[in-house]
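**Student:** Sequence and predicted structure are below.
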Amino acid sequence: MALSLDVQGNNGNSSVVDLSLAEIGKYNASSDCWIIVDDKVYDVSEYLKFYLHPGENDAITPYCGKEATNAFQTQDRMRKPKDHSGYAWTMLDDYYVGDLAKCLKYFSWLAIWLVRR
């Protein structure tokens, strides 16, 4: 079960929550799955629950609790990578939980860069 991390500020406005890799890593099962795409954290548990992914859940579950930017941007293809559609990118907004902690963004970016080399 995913917990809600939407924090209300003093003026009643929502504020973004920064999440650590350790926190995100706790959500590493298909029944409770968070992924990181472009330094943003998404709870895709409901998406997986209803088998909404056209490429089956197996395309997503290896990334539960982990960085998934490269996989999302290439549809996890080493040969002939293909980005997801604009619709798929827009759908992510429905599952947004928070941001990757700022101090980890550099390391996340570095890891993606190293994988692409």
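**Tutor:** Arrived safely, thanks for sending.

**Student:** Where do the strands of the protein begin and end?
**Tutor:** With DSSP state E as the definition, the chain shows strands at residue ranges 7-8, 14-15, 18-19, 28-29, 32-37, 40-43, 66-67, 96-100.

**Student:** Packed most tightly, which of the ones you listed would that be?
**Tutor:** Of all the strands of the chain, strand 32-37 has the most neighbours on average by mean count of other Cβ atoms under 10 Å, namely a mean of 24. Just so you know, the C-beta spots here come from the backbone N, C-alpha and C atoms, and that holds for glycine as well.

**Student:** Give me the residues contacting it.
**Tutor:** The list of residues contacting strand 32-37 from outside it, by Cβ atoms under 8 Å, 6 or more residues apart in numbering, reads 1-2, 24, 27, 41-45, 48, 60-61, 63-69, 72, 92, 97, 100, 108.

**Student:** one step back: can you put the strands of the chain in a markdown table and add distance to His53?
**Tutor:** Output for these, formatted as a markdown table (distance: least, Cβ to Cβ, whole Å):
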| stretch | distance to His53 |
| --- | --- |
| strand 7-8 | 30 |
| strand 14-15 | 28 |
| strand 18-19 | 23 |
| strand 28-29 | 16 |
| strand 32-37 | 11 |
| strand 40-43 | 13 |
| strand 66-67 | 16 |
| strand 96-100 | 17 |
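
**Student:** do you know which of the ones you listed lies nearest Met78?
**Tutor:** Distances from Met78 to each of these were compared using Cβ to Cβ; the shortest belongs to strand 66-67, at 16.6 Å.

**Student:** Run me through the strand neighbours of that closest one, direction for each.
**Tutor:** Within its sheet, strand 66-67 is paired with strand 32-37 (parallel), according to DSSP bridges.
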